[in-house]
Structures are given as C-alpha cells and as structure tokens.
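J.: what's the 3D shape of this:
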Amino acid sequence: MARVLIVTNRKGGTGKTTTAVNIAAELAASGDRVLLVDLDTQGHCAIGLGIQVSKGDPTFHDLFASGQPLLPALRESRWENLHLIPADPLFEHGSGSRDEYLLRRALADEGLHDRYDTIVLDTPPSLDILLLNALHAADRVLVPFLPHHLAGEGVRQLARVLFRVASSRADKNLRVMGFLPIMCDPRIGQHRTVMSSVAHQFGSSRMLGGIRNDIRVAESFAVGQPVRYYAPKSRAAEDYYAVAQAIRERWQ
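T.: Residues are numbered from 1 along each chain as shown. Coordinates of the predicted model:
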C-alpha cells in the first residue's frame, strides 16, 4: 500500500513544485518506487523532470474533465523508480467533476497503491476541488513555506483547511509530516523570526530542516533535472537529501 504525500500551501510561490520534484527524486534514488502526480495546471513538474507534454497527451486532469483513467497519462522519467502523471495547462480550475473523493478512488481502483511505494501530489495554491481531492487521498502533508511575513498567514489558512478535511474523515488520519522553510538563511533576522513563529504555533517537532537559498535549484529546473543529478554537491542537493531522509524516518 503506497504512502501518499501531498505537498501544499495556500500561498503561491512557496516552492511547492520544486519541493515535490526534488523530494520525489530523492525518495526514488533511495529505492522507493515513486509516482509524482501534478495537480497544478502550471504543469511545472514535467518541466522539472524534462518531460515533454504535448497538446492532446493524456494528463491527470482528464480524470476530472471527462472521467478518463490515470494510467494512460503515466510517464516514465529518465531516472529509475521515478514516474510522473503530468498536468494539463488548459484545464480550467473549477470545471469538471465536483467529487472530492475522485482521486482517492482512482488511485485505489487503478492499482497505483500496489504499483508504487510513495505517491507525491503537487497541488495548486487555490482552495478548490483539486486541493480537496489531494487532501482526501493523502496520508501526510508537507508544507513548504518562504520565511517571509506573509508566510504565516498562508500556513494558518492551510491549517484551517486541514482541520476541516481531517475532521470529516473517520476512516483515515491525515497528519502533518512537517513544515519546510524554503530559501532560508538563519543569519537573516526576519527568517529566524518567521521560522520561530511557525514552530511556536504548530510545534517545533513539526519543523523540518530548511532548504538554503541556492541558484542551482533554478538552474536544474531550466535543464529538466532534479538538483541531485544536476548539482549533487550543491547546498540544495544536500538539504533535499536530508529532508527526504527525515520524511522516511517520520513515516516509519
């Protein structure tokens, strides 16, 4: 039975896709069979893995637009154990099925829980049917955030959504895996203040080691490679490796 991790934050521009791609790559490199599912119509997961998605190709959003299965959209990456179901940039948020459990059923009915060890869901920042589907399908929630003033409000908004979803699920516990500061520098006072505030509000045990600011992350996306392959000795590669190991330990 696959573990399902959702990477989410109500605020945009917090490094969700960067984190989803790189955590998926780290888990795959450690031996997990990993499926990365892109729910965000920006479609950046495919870019991060160097996968070309052409108009008319099967995508994740076909499930919501017309009830098509997920399996035809599954794509192999260049790296062992790492597969992708890409997004459709033309899908209109708010259209299609209103069933909050559609993704959860599809993962089970199409055997994807048996085929993979870990399923990583990259989500849009908006509170819509796609985010609710991801939350209902997931076991754990990873929240990347920038250590800026508005980050705390985005995290608080997400916490309210998590409480609502978890309260409605008697059959399965949805738990926070951790809060992950992105592009952080503990030498900067504002960064320390924001990270301390999040830790105080949600518990220091839920904080994960941060991802330091590193231009190699942007460069790696530009060439369609996770940072562990593009710049294996970079700070970001070291940090994402450490976070992936922490996730594996917390999940055991």
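J.: in the longest strand along the chain, what's buried?
T.: Ordering each strand of the chain by length in residues (DSSP state E) puts strand 175-184 first. Across strand 175-184, burial judged by 16 or more other CB atoms under 10 Å covers Val176, Met177, Gly178, Phe179, Leu180, Pro181, Ile182, Met183, Cys184. In short, each C-beta sits where N, CA and C put it, glycine included.
J.: contacts for it?
T.: Residues from elsewhere that reach strand 175-184, judged by CB atoms under 8 Å, 6 or more residues apart in numbering: 5, 14-15, 18-19, 139-147, 155, 162, 166, 191, 194-195, 198-199, 202, 206-208, 210-213, 243, 246-247, 250-251.
J.: Mind doing that once more with 7 Å?
T.: Residues from elsewhere that reach strand 175-184 (CB atoms under 7 Å, 6 or more residues apart in numbering): 5, 14-15, 19, 140-147, 155, 162, 191, 195, 198, 202, 206-208, 210-213, 243, 247, 250.
J.: Just the ones in helices from the residues you listed, please.
T.: Using DSSP state H, the subset of the contacts of strand 175-184 located in helices is Thr19, Val155, Leu162, His191, Met195, Val198, Phe202, Val243, Ile247, Arg250.
J.: how far away is the first one from Arg248?
T.: Thr19 sits 15 Å away from Arg248, going by CB to CB, to the nearest Å.
J.: higher neighbour count, these two?
T.: Neighbour totals were compared for Thr19 and Arg248, and Thr19 leads with 23 against 15 (other CB atoms under 10 Å).
J.: which stretches of the protein form strands?
T.: Counting by DSSP E, the strands of the chain are 3-7, 34-38, 75-76, 82-85, 118-122, 140-145, 175-184, 211-212.
J.: Highest mean neighbour count out of these?
T.: strand 34-38 (a mean of 28; mean count of other CB atoms under 10 Å).
J.: Packing partners of it?
T.: For strand 34-38, the elements it packs on are helix 16-29, helix 44-48, strand 82-85, strand 118-122, judged by 3 or more CB pairs under 7 Å, 6 or more residues apart in numbering; DSSP states H and E.
J.: tell me the angle that strand makes with helix 16-29.
T.: Comparing the axes of strand 34-38 and helix 16-29 via axes from the mean of the first three to the mean of the last three CA atoms, to 10 degrees yields an angle of 170 degrees.
J.: quick one: low-confidence parts of the stretch 51-200 of the chain?
T.: 151-152, 166, 168-172 (pLDDT under 70).
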